[in-house]
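**Q** Provide a 3D model corresponding to the input given below.
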Amino acid sequence: MRTLVRVIAVLAAGGAALFLLGTLFDNDEGDANIGAGLLMFGLLAVGVAAWAFVDGLRTEGYLRALFPWAVVAVAAGVALPVAVAAIEDLDRDTLLQDLAGTIPFMIVLVLVPAALAVAVGRQRR
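**A** Residues are numbered from 1 along each chain as shown. Okay, the predicted model is just below:
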């Protein structure tokens, strides 16, 4: 249940950040706003790290504290392309390509900060 809460929180935070940053940094020219995207990724990584730090403080064992974040990373990596494919009616090959790129990206974006923060939390314990 705690892992499901993390998955929902990460997906909701990412969606909310995407909406807010898209609204705040809309330039009406159709250009990609790289700064807004980087800000969103940074905020997501910091949020994950803060939550994982608390997990490191509270949970017995490094792997036990880190495992839910591995599940969150993979779940988010699967959920995002599937949601986009459902909304935009993408074909199977495009979905598989998106999955192949998004899952490793979410592992880096979620699992790496979580691993570092859990380690620091375990040391502070």
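
**Q** every contact and neighbour count from this point should use C-alpha atoms.
**A** Fine.

**Q** give the helix, strand or coil label for residue 96.
**A** helix (DSSP: H, G, I helix; E, B strand; the rest coil).

**Q** how close does it get to residue 62?
**A** Plainly put, residue 96 is 32 Å away from residue 62 if you go by CA to CA, to the nearest Å.

**Q** mind listing what's buried in the helix or strand harbouring residue 39?
**A** Residue 39 is part of helix 34-58, with elements assigned from DSSP states H and E. Buried residues in helix 34-58, counted by 16 or more other CA atoms under 10 Å: 36-37, 40-41, 44-50, 52-57.

**Q** contacts for that helix?
**A** 10, 13-14, 17-18, 21-22, 25, 62, 65-66, 69, 109-110, 113-122, 124-125 (CA atoms under 8 Å, 6 or more residues apart in numbering).

**Q** what is whatever helix or strand comes next after it packed up against?
**A** Next along the chain after helix 34-58, taking DSSP H and E as the criterion, comes helix 62-88. Applying 3 or more CA pairs under 8 Å, 6 or more residues apart in numbering; DSSP states H and E, we find helix 62-88 packed against helix 2-24, helix 34-58, helix 92-106, helix 112-124.

**Q** quick one, the last one and helix 34-58 angle?
**A** An angle of 30 degrees separates the directions of helix 112-124 and helix 34-58 when computed by axes from the mean of the first three to the mean of the last three CA atoms, to 10 degrees.

**Q** got the angle between helix 112-124 and helix 62-88?
**A** Using the same axes, to 10 degrees: helix 112-124 against helix 62-88 is 160 degrees.
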